[in-house]
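# Everything below, folded, please.
(chains A, B, C and D)
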There are 4 protein chains.
Amino acid sequence: MNNAEKAEKILGNLVRAVDMLQNCAEFSLLMPEVRVNLVYALPKARTADEVAAVDGRITVVQGLPHASGLPRWGASDHMARLIIEVRKYDPAINAGINFKCDATVIEVAKKYCAEKSLSFGWIDRTREPAEVAEKDRSSMPWKIKQLVTSSGGVPRLFYEGEGWGKEPLFVALGTDAVEVVNIAIEIARRYQHRLS
Amino acid sequence: MNNAEKAEKILGNLVRAVDMLQNCAEFSLLMPEVRVNLVYALPKARTADEVAAVDGRITVVQGLPHASGLPRWGASDHMARLIIEVRKYDPAINAGINFKCDATVIEVAKKYCAEKSLSFGWIDRTREPAEVAEKDRSSMPWKIKQLVTSSGGVPRLFYEGEGWGKEPLFVALGTDAVEVVNIAIEIARRYQHRLS
Amino acid sequence: MNNAEKAEKILGNLVRAVDMLQNCAEFSLLMPEVRVNLVYALPKARTADEVAAVDGRITVVQGLPHASGLPRWGASDHMARLIIEVRKYDPAINAGINFKCDATVIEVAKKYCAEKSLSFGWIDRTREPAEVAEKDRSSMPWKIKQLVTSSGGVPRLFYEGEGWGKEPLFVALGTDAVEVVNIAIEIARRYQHRLS
Amino acid sequence: MNNAEKAEKILGNLVRAVDMLQNCAEFSLLMPEVRVNLVYALPKARTADEVAAVDGRITVVQGLPHASGLPRWGASDHMARLIIEVRKYDPAINAGINFKCDATVIEVAKKYCAEKSLSFGWIDRTREPAEVAEKDRSSMPWKIKQLVTSSGGVPRLFYEGEGWGKEPLFVALGTDAVEVVNIAIEIARRYQHRLS
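A predicted model of the protein is given here:
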């Protein structure tokens, strides 16, 4: 497969993953204030333009998850930079999705990881040095380093605790968009079960 | 006009206001991480179900502001509660919109208010007592009281500084949705002019 | 109510009507090839710009009726001209919706009208004189005159038989958008019942 | 590439093609009453479920072409059957798009084909035998046979003249969705130029 073929395959994998999310009503329960993005990077992506994401993010309309636009290169900034940084430690990671983090989601996610033998981690933003937090865009390398160090590698599921001006968020990582959406859907179903 | 007629007029005013936003490319520059909501309350609204808002919020798709869904009763929680609380101090307020807050937006908004003789205010979340912040949904009455006290009334334009786990945000208030969107669009145009 | 208030009330009534349609899965069965439009005219509308309609029409997405855009003035041409023409005979009509026409829908609609004591009619396009059909936009006055003459007034539900280059279509008429959507939804439910 | 990879590549190619259309304002001028579909078939597709298409078709919102939903398997019936039938004569064809047909588009398309050395054709529905037209779904094999016979092969651009109850329509065919959209966009630009 050449690069153009790889790029099309990535957009198509995102379409499949978005379709799965749009048919999962339970995932609405995991909608964070910042809304959800789902990203998938080209093999050697160095900038956000080489990472495809859902244009306008995924929100909730009429009670169901809803992609605002089509998958598009450069449609994500934060999640794109996260994937690019994570790959410096684990090049097998290509895709990620973020979702809501609260005490119950943490419990559900930990149990899920234990059952599936998936690695679990978290980023403690209270430990972030002031000089890192103050400088725009210098947080990501610090955060991923802290995550990898504390987890002994790149975990497939982790959360970033709340920070000053920052909502806490969960992130699932994997080799493609369908894989990370399958994790998010499973967490959503278990979370709904816990709430009901 | 009876209540059913008032309710339809509110939905229609929101449609007009959303149409204005969707045609204002500059407003994309004011998109906050949590996306934008635009709300308009029934005269004696006491719950979020009596406040109409854009279902799924307003996001940016293909570089332009884009309403995810139609205006719908109960489609907002946070902004709806804000309007209900604000009206305890100023019953002339029916509608509100939130947008991005940074140092430049603050400058632009202050200057705009000075020129238009509009009141300007801000909520300092660093002063929020721990017992208020910890109890879910008890923040709003505290915040609005602090805002009204420090501003000497309900300001038409104010921002809420960043908090623990909370993005800083601007809010414009007014008698209807078209009025608050006109303010937001004017700020967006001046902001773009400042950036370019 | 002044004109601006009437205009907002019309947009809001369309929002309510679209919301009803979007929650009615059965209506997908009545989707015609040309898709559905729903229109509502200002009291003295003379041009399509004074008739509000769903921008981009209503289509079917993920198996459910879906409005492509917001209600907007001038968003319909054909249905807008139909309403304007119909009002020359019955000024009580302000709104209309079109939907699929086949032998079964005709049966269902006739029975519905008989039960509800609503007038029923049809336009026989095979009788359209060649000189009318050939001249662009001269068909509408002829069609509505034929409809009113053959029905003894403006019927609330009628169909237009197929023509050369024209899909056959049903139209429901009424005083507002919610009223005509209620008729369309009831036909859709009875149609589904007949098919199953 | 295995079948799953081919399927993802097809969805991704449709995303690229839709993105091109959504950024081409001129294409709005070619919007037919039945709206546009864009389809891409799996190598050995035998049913519409093996053909991907834009869910809800492509319509015009705020003056711009707008995909109602994501590309999805089985989202088209008519265009999917057309591609399947066409391939019996030319297996190199995988994708197609339909658009408006009028006397000016016919002229523009013919000239375009002459310049680009592309084959041009048309289906004369007035020749369709009554027994074919009456039997649901028996038209397609007859139409494509008539097209191939009269054109001496499968033309890359053709129109289907108006029929009883049928809008006349243009169709562009090619090896993938991006290719057929490039043809449609070029016709749209030349058409706009002719109109202005």
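
# what number of residues lie near residue A:117?
Around residue A:117 there are 6 other residues, counting by other CB atoms under 10 Å in any protein chain shown. Every C-beta, even on glycine, is put in place using the N, C-alpha and C of the backbone.

# sorry, that was for residue A:179
Neighbours of residue A:179 under the rule other CB under 10 Å: 17.

# On the pLDDT front, check it for me.
For residue A:179, the pLDDT comes out at 98.

# what does chain A have sitting close to chain D?
Residues of chain A found near chain D (CB under 8 Å from any CB of the partner chain) are A:1, A:5, A:7-16, A:18-19, A:67, A:70-72.

# what ranges do the helices span in chain A?
Remark: helices assigned in chain A by DSSP state H are A:3-22, A:78-86, A:103-116, A:130-134, A:139-151, A:177-195.

# Now do residue A:4 against residue D:139, distance only.
According to CB to CB, to the nearest Å, residue A:4 stands 37 Å off from residue D:139.

# which of those two has more neighbours?
Counted by other CB under 10 Å, residue A:4 and residue D:139 do not tie: residue D:139 has more neighbours, with 20 against 13.

# Bridge partners for the residue nearest the centre of chain A, pull those for me.
Closest to where the C-alpha atoms of chain A average out (CA atoms, centre = their mean) is residue A:97, at 2.5 Å. For residue A:97, the beta-bridge partners are residue A:38, residue A:172 (DSSP bridges).

# who in chain A is up against chain B?
With the criterion set to CB under 8 Å from any CB, chain A comes near chain B through A:33-35, A:55-57, A:59-62, A:66, A:68-69, A:162-168.

# Any of the residues you listed buried? List them.
Buried members of the residues of chain A next to chain B, counted by 16 or more other CB atoms under 10 Å in any protein chain shown: A:33-35, A:55-57, A:59-62, A:66, A:68-69, A:162-163, A:165-168.

# I'd like the distance from the least confident helix or strand in chain A by mean pLDDT to the chain centre, please.
When each helix and strand of chain A is scored by mean pLDDT, DSSP states H and E, helix A:130-134 comes last, with a mean of 74. Computed by CA atoms, centre = their mean, to the nearest Å, the chain-centroid distance of helix A:130-134 equals 23 Å.

# Counting by contacts, list what that helix packs against.
With contacts taken as 3 or more CB pairs under 8 Å, 6 or more residues apart in numbering or on different chains; DSSP states H and E, helix A:130-134 sits against helix A:139-151.

# which helices and strands sit right next to the helix it packs on?
Judged by 3+ CB pairs under 8 Å, 6+ apart, helix A:139-151 is in contact with helix A:78-86, strand A:120-123, helix A:130-134, strand A:157-160.

# one step back: wait, doesn't the residue nearest to the centre of chain A sit right on residue A:37?
Yes. Using CB atoms under 8 Å, residue A:97 is in contact with residue A:37, at 7.2 Å.

# residues shared between the contacts of these two?
Shared contacts of residue A:97 and residue A:37 (CB atoms under 8 Å, 6 or more residues apart in numbering or on different chains): residue A:79.

# For the residue nearest to residue A:68 when sequence neighbours are not counted, give me its contacts.
Excluding the flanking residues, the one nearest residue A:68 by CB to CB, 6 or more residues apart in numbering or on different chains is residue A:56, at 2.8 Å. Going by CB under 8 Å, 6+ apart, residue A:56 touches A:67-69, A:75, B:59-61, B:66, B:68.

# mind listing what's buried in the least confident helix or strand of chain A?
Buried residues in helix A:130-134, counted by 16+ other CB under 10 Å: residue A:133.

# Just the C-alpha atoms of it, please, in CSV.
Below are the C-alpha coordinates for helix A:130-134, written out as CSV (Å, rounded to 0.1, in the frame of the first residue of the first chain):
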residue,chain,number,x,y,z
ALA,A,130,4.5,25.8,36.9
GLU,A,131,7.1,26.7,34.2
VAL,A,132,5.7,23.8,32.1
ALA,A,133,2.0,24.7,32.6
GLU,A,134,2.6,28.4,31.8
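
# can you list the residues of chain A near chain C?
Checking chain A against chain C by CB under 8 Å from any CB, the hits are A:22-23, A:62.

# can you do 7 Å?
A:22, A:62 (CB under 7 Å from any CB of the partner chain).

# Any regions of chain A where pLDDT drops low?
A:134-136 (pLDDT under 70).

# And residue A:171, how far from chain B?
Using CB to the nearest CB, to the nearest Å, we find residue A:171 at a distance of 15 Å from chain B.

# so what's that residue closest to, chain neighbours aside?
In this structure, residue A:171 finds its nearest non-sequential neighbour in residue A:98, 5.1 Å apart by CB to CB, 6+ apart.
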